[in-house]
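Peer 1: Test case, fold it:
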Amino acid sequence: MLDVRDLRKEYRGGIALDGVSFAVPAGGSLAVVGESGSGKTTCARIVTGLEKATSGTVTLHGSVQMVFQDPYQSLDRRQTVRGCLAEVLAHHGRDRSRLGELLDLVGLDRRLGDALPRQLSGGQRQRVAIARALAAEPQLLVLDEAVAALDVSIQAQILNLLVDARAATRVAYLFITHDLSVVRHVCTDVVVMSRGRVVESGPVERVLHQPEHGYTRRLVASVPRPGWVPRRAVSRD
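Peer 2: The predicted structure is shown next:
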């Protein structure tokens with residue numbers, strides 16, 4: 001459904017992407033993981049048409065929508081939840097009666113339809129952003145650090161929501177994140193990027209439990225585990 005081949009992106013200051021390739025099947029879910037500066041967000045912006053690649057190809061069969069990291073910045077602060085969703089439904093020729101269905105899909109009380117973004121919590125705003133993206137009935141949803149700005153407990157709720165939404169709509173996910181701990185909850189496959197290149201790829205469970213590349217092993221080792229204690233807290237005094 002999405003096929004990215006030999007993607008290269010050059011800036012005056014250097015190369016952001018160098019020969020990146022990956023694919024997402026219809027209804028599939030792929031995570032692109034890496035530290036800040038690895039090139040993962042540049043990939044997302046090229047796939048969604050927000051940036052142009054220097055070379056390489058992006059083949060997409062169907063429509064794409066994007067969910068950004070900060071919903072307060074991506075939502076119109078003067079527009080109610082209902083107005084936001086109704087605008088997208090009208091623009092894409094969808095039935096406005098789906099508005100209530102969208103709110104139910106993302107777990108929002110229908111009474112919040114008249115609320116402005118400032119009247120909502122961070123988690124509620126991200127639910128609105130997801131509902132807005134799904135309102136267009138895309139074949140691919142690109143999620144760029146979509147839970148990174150949320151508290152851990154809210155992250156879990158949004159991740160569960162994404163799993164349920166994918167099951168209900170069969171939309172495919174391209175999930176951009178620096179956090180390996182959230183990947184297994186949403187995606188079946190993962191691409192690991194470092195300095196603009198893909199260093200490892202494969203099924204999530206294999207990559208997380210049997211990483212082959214040294215960079216991937218360091219990422220996996222950095223994920224906090226039960227009983228983990230920060231070094232600074234350990235004292236010999």
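
Peer 1: and Gln65, what does it touch?
Peer 2: 48, 133-134, 136, 138, 140-142 (Cβ atoms under 8 Å, 6 or more residues apart in numbering). Every C-beta, even on glycine, is put in place using the N, C-alpha and C of the backbone.

Peer 1: How about residues contacting the longest helix along the chain?
Peer 2: As far as residue count goes, and with DSSP state H defining each element, the longest helix of the chain is helix 152-169. Counting contacts by Cβ under 8 Å, 6+ apart, the residues outside helix 152-169 that touch it are 27, 29, 105-107, 121-123, 126-127, 130, 134, 137, 143, 146-147, 150, 171, 173, 182, 185-186.

Peer 1: and those residues, which are buried?
Peer 2: 29, 105-107, 123, 126-127, 130, 134, 137, 143, 146-147, 150, 171, 173, 182, 185-186 (16 or more other Cβ atoms under 10 Å).

Peer 1: buried residues in the longest helix of the chain?
Peer 2: Using 16+ other Cβ under 10 Å as the test for burial, helix 152-169 gives 154-155, 157-159, 161-162, 165-166.

Peer 1: re earlier: so which of the buried ones among the contacts of helix 152-169 belong to strands?
Peer 2: Assigned to strands by DSSP state E, the following of these qualify: 29, 143, 173.

Peer 1: give me the beta-bridge partners of the last one?
Peer 2: When you say that, I think you mean Tyr173. Judged by DSSP bridges, the bridge partners of Tyr173 are Ser29, Leu141.

Peer 1: Surely it is in contact with Val183?
Peer 2: No. Using Cβ atoms under 8 Å, Tyr173 is not in contact with Val183; the gap is 10.9 Å.

Peer 1: which intervals of this structure have sub-threshold pLDDT?
Peer 2: Low-confidence regions of the chain, defined by pLDDT under 70, span residues 224-237.

Peer 1: any idea how far the spatially most central residue of the chain is from Pro117?
Peer 2: Centroid check for the chain by Cα atoms, centre = their mean gives Leu143 as the closest residue, at 2.0 Å. In this structure, Leu143 and Pro117 are 19 Å apart, going by Cβ to Cβ, to the nearest Å.

Peer 1: ok so, going back, I'd like the contacts of Gln65 laid out as a markdown table, including distance to Glu212.
Peer 2: Conversion of those to a markdown table gives the following (distance: Cβ to Cβ, whole Å):
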| residue | distance to Glu212 |
| --- | --- |
| Thr48 | 30 |
| Ala133 | 34 |
| Leu134 | 35 |
| Ala136 | 38 |
| Pro138 | 33 |
| Leu140 | 28 |
| Leu141 | 29 |
| Val142 | 27 |
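
Peer 1: which one of those residues sits closest to Lys40?
Peer 2: Each of the contacts of Gln65 was checked against Lys40 using Cβ to Cβ; the closest is Val142, at 10.9 Å.
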